[in-house]
Every structure is written in C-alpha cells, then in structure tokens.
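> Need the 3D shape of this:
(2 chains)
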Protein chains: 2
Amino acid sequence: MPPATPASRSSAPPPSCALVTEPSRSQLPSGLLVDLYELTMGESYVAEGIEEREATFSLFFRTLPQGWGYALAAGLEDALRYLEGLRFSDDDLEFLDGSGLFGERFLERLREFRFRGGVRALPEGTAVFPNEPLLEVTGPLLEAQIVETMVLNEIHLQTLIASKAARSVDVAGGRTLVDFALRRTHGGEAGLKVARASYLAGFDSTSNVLAGRLYGIPIAGTMAHSYVEAFGDELESFRAFARSYPDTTILLVDTYDTLEGARRAAVVAGELAEAGHRLRGVRLDSGDLLELSKGVRAILDEAGFQDAVVFASGGLDEIGIAQLLAAGAPIGGFGVGSKMGVAADSPFLDVAYKLVELDGRPVLKLSEGKATLPGRKQVWRVRRDGTAEHDVLGLDGAGVAGEPLLREVMRDGRATWVESLDEIRDRARRERESLPAGVRALDASAYEVRVDPELERLRTRLAAQVRR
Amino acid sequence: MPPATPASRSSAPPPSCALVTEPSRSQLPSGLLVDLYELTMGESYVAEGIEEREATFSLFFRTLPQGWGYALAAGLEDALRYLEGLRFSDDDLEFLDGSGLFGERFLERLREFRFRGGVRALPEGTAVFPNEPLLEVTGPLLEAQIVETMVLNEIHLQTLIASKAARSVDVAGGRTLVDFALRRTHGGEAGLKVARASYLAGFDSTSNVLAGRLYGIPIAGTMAHSYVEAFGDELESFRAFARSYPDTTILLVDTYDTLEGARRAAVVAGELAEAGHRLRGVRLDSGDLLELSKGVRAILDEAGFQDAVVFASGGLDEIGIAQLLAAGAPIGGFGVGSKMGVAADSPFLDVAYKLVELDGRPVLKLSEGKATLPGRKQVWRVRRDGTAEHDVLGLDGAGVAGEPLLREVMRDGRATWVESLDEIRDRARRERESLPAGVRALDASAYEVRVDPELERLRTRLAAQVRR
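Predicted coordinates for the structure are as follows:
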C-alpha cells in the first residue's frame, strides 16, 4: 500500500541523529516545569546534607490496560534531552526566591544545577511488561529526585501512544495507517510526540506537517468537508482538487451522499485517466463504513478503477479496524485519530519512579497495592526459536541466562546512546514479530515475567526489616 | 480550607493580562504545526482564485461524555495567541517547497501570512452544551481554513480539562483541590494547560511550579515516598522535613504502614507544637482511603491535633471524591492527578470546526451522524430567578429573547477581549452556580438547547437544495 496522499518525505536527516547538540524544539525551557515537592524535598536534602548521596530510581508501570498484552518502550530520546538540558534560569530562581519556600543554599545549588548522573534504559521500541524498569536513573539524590516529574512525563506519553498505536499495526495486516490525531491531542507538543510514537510503532505517515519536518516522518492528507462545501458543487470541487494534485488525490466522498460522491469521484477518475493521470482513491469519514466501503468499492471497480484505494477514517482505532477487516471491508488504508492520539481506552499508564537504592543500600516501600521491588535491576528476555518465551526480572549483575535488555544510555549527564527514528521503528517491528501471537491479540494473554529468586529473597528480607 | 502546603502565590501579575504583546511560552513556534490537508486545500484555493472569499467556521462539540451535564468553555486565550502569532518562517517554507506539493504562488502567500479575520466566542468559563458554538472564525477562506487544526487543539484541551475538573469542584463541597497531574499529562505543555484549566474551573492550587510562575496559580505540594525512604527511618524523615517547613508541612504517612505513620506524625506534631509551630496535616496515597482516613483522623484527634488536615491522593477524580465524602471520610483536601489531567473517563470531546457560511451564503454538510447547522450563529441563555433554564441556538442577529453569549474577541487579527485568569475563574463559579442542580450532578440530567425555528427552516431548505 502506498501512503495516503498527497504524501511527501523530507530529505533532511531525522533530528534524532543530533541528540547531543540540538535542543528539542518541543522542550519547554524552564526548570520550573516540575512538581513543587521535588524542590521542597530538595531544600530539605540540602539542609540535612544528604543531597549528594548516590541514589537509583527505577521507572516502571504496574499494570497494562485491559486487553493489552505488551507495551513498547518509547520517549527515551526526549527524556535524555530533558536531562541534558535541565537548568534553572535567573527568572526561575527569582520566582522560587519570591515564593518564600527556599533558602539561599538550595537556590545557589539550583543555580549551578546540571544533571550529572547516569541512565540505564530499554532502547526505544523494546517490548516491555509490568514491573520491568523502562529506565533507571543513578545520580546524586537531589538531582535524581528533581528530574522525576518530567522523566516520567516524557517516557509515559510516548510509551502509552506507541503501545496503543502498535495494536492498530498488529491488526491492519500491512494496510496503510496514517496518524490523524493532531486536532485532538492534548496540546501541540503532544501532537508531535503522538506522530513520533505512532510512526515508531509502525504507522506509515502523519498528517502533522511539523512532525514531518522535525522527525522526517512521511506526511499525508486528503481534504476536508469544508473544501467540498466551499465549491458548493461536489463534482466541481473534486475536479478542482485533481487539477492541483493530478496523481495524488484522495477525494472525500461523504459530504452529502457517499455513494453519489463515489460516482462523482469515478467521473473525475475517468477525466484524470484520459489526461494520463490517476485518481489515488477516495475517503469515507462517516456512516456504516463496512457497507459504504463495499458500495464505493463496487462503484470504482465497475468504472474500471480497481487501483483507486478506499481509505477510511472517523472514530477508528484497533477495535474498529479489526471489526471492519474481519467483516471483509475492502478498505486499503485507515486514518487513525483521536482514539489513538489520546489512547482513549486507557489514556494513562500507572507509571511510577521509585527510589530503589541509596548509597549502595537497596530500599523499598510497602504502601498497600503500591509496594516496590528493591535494588538496581536488569531484565533478561529468554527466547526460543526467535520467539520471546518469558522475561526474568532480577538484580543487576545477577547471573541470569537470557538477553539483558537494559543498557547504558547516559553517563555523567551526557547521552551515550543515539539512534535514528528508523532504527527504533525497525526494532519495534522485530520486537512485535518476536512476541507470541496471543500477546499481540486484541484481547491479549499475559506474558510471563519471572522474578529472580535472589531479588525475591531481598524483598522479603527488607520488608521484614522495615516491619520490625 | 487552606491550600495543601507548602503553598505560595507569585506576586507577578498573571500573564493573561499581557495577551497582545507577549507570546505564549508554551506555543510551538512554527506554522507547520498543522494537518497537511489544510495546506493542500490552501494550494487549491489559491490555484482556483477563491482564497479571499469570506468564510465563517463554527467550532462546537456534538455530545457530552456519559454522565456529564455541561462543559466549561476554555482555551480561548491560547487560541487567540495562536491566531495572532501564526507565521511561516523561511525554514518552514523551505520544507514545504522541498515536499514537492506546493506551487510558488501559494508559498509566496504563506510567506506574507497573517491571520486577518475576526472571532466571536464564548468567554472562558462559560457553561456550554452540545452543538453550541464555542467560537466562530470569520476571515478569508484560506486563513480561516489553515487555522482549523490548532484552534481546535487549543480550545479542545482546556475545555475538556476545565469541564472534567469542574465535576470535582461540584462534589468537593469547598474542600481543597490540588492539581497533581503533571507527571502523566500528555506532555509538559499539556501539564501547564491542565493546571490553568483546573484552576479556572475552581481548583485551589497546582503542584506545577511553572504554571505558578506563568499563570499566577498558587503552588502546593507535600513529599514523596522516596523522601521517607532516603532517611530509612520514617520518624527521622518527618522530623527533617518539619525542620525545613515548621509551619507548612504535610507528612506522607503511607510509605510503610499508614496508621503507624500517623502515630509518628502525631509525635512530630507534638514536637512542632512545643516549639511554637504547627503540623499542617498528613497525606494518604494508597489503601482504603475511607477506613484509613478515619483511623488517621482518630489518631491525630486523640493526640490533640484536630486542626491537622487529612489530605488524600491516589487515583482520585470526582467519582472517588464523591464516594469518600458520601461515606463520611474525614478528608479535608484532595490531590487530583491523572484521572483529571487526562480526563480519563473521556479523554477527548468530539469537537468539530465546520464551514457554515461562505460569501454570505450559509452552507452545511449532510454526512451521516455528522450533519451541521448552517449559518453564523448566536446562543441565547434564558434564566429564571438567576437559574439557567434553557438555551436557544439561532442565527446571529435573530430576535431571540435571552442573554446572547457569543461576543467579539478578535477583529482584523487582533484580540479585542482580554481577561485575567481570576476573572475567568469567577465567571466559571457563577456559571456553575447558575446551573440547575441536576445538570451539575455526577449522573447529570440534560440541559435543554432549543434550535430557533428560523435556523431549523434554513437547515431544512438547504438540505433539500443540496439533495436536489
């Protein structure tokens, strides 16, 4: 399937290759984008003289949304950019000073703030399961604490969206998938990250032009109802668009009456063919997409335009796509908007960022339903004949058989691991293909994550200590 | 109730007062943040010579989420800033040129692009119902078309969140509500806008420090479990925090055992009192919040600290708050995070931006389930004894009795209507209080919106014309 058209791809290299030197355009330029308590805890750490103790925090989610069998790790590049770029400006410090909450020592410490720690993480596009660390941050307690809010935010959004988008890829059977979400994503920044995350997961293109420029993602689009209405006459509007795009036009046929619109599209397809051009297809955006796609397909076929694609949009996500395809809808491509772009069935993951080690001493919390596993960790994936069979979650350095998944991605505050978006997209494809079929199903079966006995013993021992 | 603490309020004026001169810090600086089809339609409008025709687009939503009785209009300030600031840079134009999709005439038109149109809108904080325009944009067809994507995006996010947050305000009975959402909002920009929208709807404060600086919203926070773990000894951690904040501390008591934590908090409260200070309260973040809040309240009361507040967080939104309060939970304040910050039960509204008039001629579309009402419109609210009784949706200029709600907010591309965030917040409060109780209930009854007969006749006539 070609991408929905008009489509284009920037020749510029994806900006992911310039991680170290180029600040993210979507990054908000203030250290104050943080939960207040990170700073008040920091004030106390400095007052108590414990701010330089080496701390490790682990970022993970506890559960997958209903029906989801896996998640795809994403957002690491933006998280690393955040860590590299975090500073407190004079304006920031003036605001904090004016709040009356902070002493001079802490504010001076913020004035010199640089994140100087290290990060181990799952490369973006890696399949990940509950309780497995997506990343671990090790650094001075103050620094590793303050970055909590936005490291969570960066990893959360793209992991959520990549995981949701992957489900559409899993059911679309190679048909074209276009991100149409920008108008209803939670802000423009979210729109950019949704475009990146859905492309990473296997989408073909995005309607978001800036995402095309920033990330090198192919851009695609059709036309709006307002275009047809602006001409008043549907056939004249179709002819006008085809004049501008004689080889890449997809006509929106449901402004007034879908089947009538399809007949007019066939007229324009004939006129284009006579002039040596070709109608790329039509789009349906309302009504019974199964019945209408069959009716429209028949009209195009009878007119001799078997190669014109029927493209569908309007309230779709993996559920709708799977139902349409299971019922035999002759649809060649899908525009997937709001339901993917806000992960409508589960718009957040229960991600957490928890202290697991301090000065080499493993720690944990016991909060009901939210207890944590202590210590720096590693995840090992055990495969058989190329298929992932189970994972083992254990303490870093434990002698577990299998492929270790967390790798160093930052040292001394500098990213040490940079990949292009296409490399990440390739990994996501390989990862999805290596999962058991049941784990990729819409009503997925669970994938087994074993806790290494050494880690289990440590947890039991520490919990008993704390309770004493 | 005091806000959760430490809390502080910037003395700087809210930046909403500087609308015309100061670009939003959260605005992404590129005209390319747009769906591709806005630009390909623009290419065709220019090619066909119809780009200067005067068009009016209407922005509305079709349905309210299950159980919601009303929405609060929000996001207008950022939408107007977007319209004032929209430009296409040389880099933008170079990217578009390289796509091969656009001719020189169109690109030259973009080089000079300024939005020169007008906007009529509901002031932020106004209660709004399905099919009522939140705003109408009138301007040259090309300009009013291109702004579609981001005007929708800006209005959508804050209207969604303000409406969701208002439901918590409706059930909290004046108890403190703090926005805790930043870590799981869809990006940092969304976090800022969630803070603004929830404050507008009646929240008391936010954990988002940058929102405090940018919008003048009071900031608040407590401490994380990692803080307690960093000290190993819970009592010592409580004492340390109280040393830094002897009058504003709220202690997180559920890291190990909630009731034990509350007893230790009472110890620290006693030590503070001896030194002439006061423990502000404790926070619960896990477990059975009803039972635990009663147990913790009893411990604090028995120790003589009736004025220390029990603050609760963890997976709460209006549903959880209402259940806790109905069951008599002695909770004085709530941290409301992800479920409000992503509007978890309905993370998008079905907002649309539809052409309704071109060169003075009303237009409509008939797409199944998505038909539109033609013409420029007005909404009149009919009140009785201060309570809103019903609205009338009609053509602008129709002689309908009632208070017209849409007002001019932009003329010739310049904002003509600027309000402070506190003015908007006051309006939201008045609007909520003027709604019938059933419309504000969690399982709300519908509010009546009548369609003026003149508008109904116009729709019928135009639909018949189009079908002929």
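> hey, let's count contacts and neighbours off CA atoms from now on
Will do.
> and the residue nearest the centre of chain A, what does it touch?
Nearest to the geometric centre of chain A sits A:Gln158, at 2.7 Å (C-alpha atoms, centre = their mean). Neighbouring residues of A:Gln158 by C-alpha atoms under 8 Å, 6 or more residues apart in numbering or on different chains: A:73-75, A:193-194, A:196-197.
> Same check on A:Arg467?
Neighbour list for A:Arg467: B:Tyr256 [criterion: C-alpha under 8 Å, 6+ apart].
> try 10 Å this time
Applying C-alpha atoms under 10 Å, 6 or more residues apart in numbering or on different chains to A:Arg467 gives the contacts A:366, B:256-257.
> and the residues you listed as CSV, adding neighbour count?
Converted to CSV, the contacts of A:Arg467 look like this (neighbours: other C-alpha atoms under 10 Å in any protein chain shown):
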residue, neighbour count
A:Leu366, 18
B:Tyr256, 21
B:Asp257, 15
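> right, and A:Ile146 touches A:Leu36 too?
Yes - applying C-alpha atoms under 10 Å, one finds A:Ile146 in contact with A:Leu36, separated by 9.4 Å.
> Break chain A down into its structural domains.
A:31-161+A:350-467, A:172-341 (automatic domain parsing).
> about what we covered before: between the contacts of A:Arg467, which sits nearest A:Ser226?
Distance to A:Ser226, by C-alpha to C-alpha, is smallest for A:Leu366 among the contacts of A:Arg467, at 56.7 Å.
> The closest residue to that closest one other than its chain neighbours: what's it in contact with?
Among residues not flanking A:Leu366 along the chain, B:Tyr256 sits closest, at 4.8 Å (C-alpha to C-alpha, 6 or more residues apart in numbering or on different chains). B:Tyr256 is in contact with A:364-368, A:371, A:463, A:466-467, B:225, B:228-229, B:234, counting by C-alpha under 10 Å, 6+ apart.
> pLDDT averaged over the biggest helix by length in chain A - what is it?
Looking across chain A with DSSP state H, the single longest helix is helix A:148-172. For helix A:148-172, mean pLDDT is 98.
> From B:Leu33, how far off is A:Gly188?
Using C-alpha to C-alpha, to the nearest Å, one obtains 7 Å as the distance from A:Gly188 to B:Leu33.
> ok, the two, which is more surrounded?
Between A:Gly188 and B:Leu33, counting by other C-alpha atoms under 10 Å in any protein chain shown, A:Gly188 is the more crowded of the two (28 against 24).
> Read off the pLDDT value for that one.
pLDDT, A:Gly188: 96.
> correct me, but it touches B:Lys193?
No - the criterion here is C-alpha under 10 Å, and A:Gly188 misses it with B:Lys193 at 11.3 Å.
> mind listing the helices in the stretch 201-350 of chain A by residue range?
In the stretch 201-350 of chain A, the segments counted as helices under DSSP state H, counting those that start in this stretch are A:209-215, A:225-231, A:234-244, A:258-274, A:289-302, A:318-326, A:338-341.
> Report back the residue of chain A that's furthest from centre.
For chain A, the largest distance from the centre (C-alpha atoms, centre = their mean) belongs to A:Glu274, which lies 43.9 Å off.
> and A:Leu373, which of the three is it?
Put simply, A:Leu373 is coil when judged by DSSP: H, G, I helix; E, B strand; the rest coil.
> Repeat that for A:Thr138.
Under three-state DSSP, the three-state class of A:Thr138 is strand.
> does stretch A:336-351 come close to chain B?
Yes - for stretch A:336-351, a contact with chain B is found by C-alpha under 10 Å from any C-alpha of the partner chain, at A:338-339, A:341-351.
> Of the contacts of A:Gln158, which belong to helices?
Using DSSP H, those in helices are A:193-194, A:196-197.
> Show the buried residues in those.
Those of the ones in helices among the contacts of A:Gln158 that meet the buried threshold are A:193-194, A:196-197, by 16 or more other C-alpha atoms under 10 Å in any protein chain shown.
> re the thing from before, now for A:Gly188 and B:Leu33: what residues contact both?
With C-alpha under 10 Å, 6+ apart as the test, A:Gly188 and B:Leu33 both reach A:182, A:208, A:210, B:149-150.
> between these, which is nearest B:Ala312?
The closest of the shared contacts of A:Gly188 and B:Leu33 to B:Ala312 turns out to be A:Leu182 (C-alpha to C-alpha; 34.7 Å).
> what about the closest one, distance to chain B?
A:Leu182 sits 7 Å away from chain B, going by C-alpha to the nearest C-alpha, to the nearest Å.
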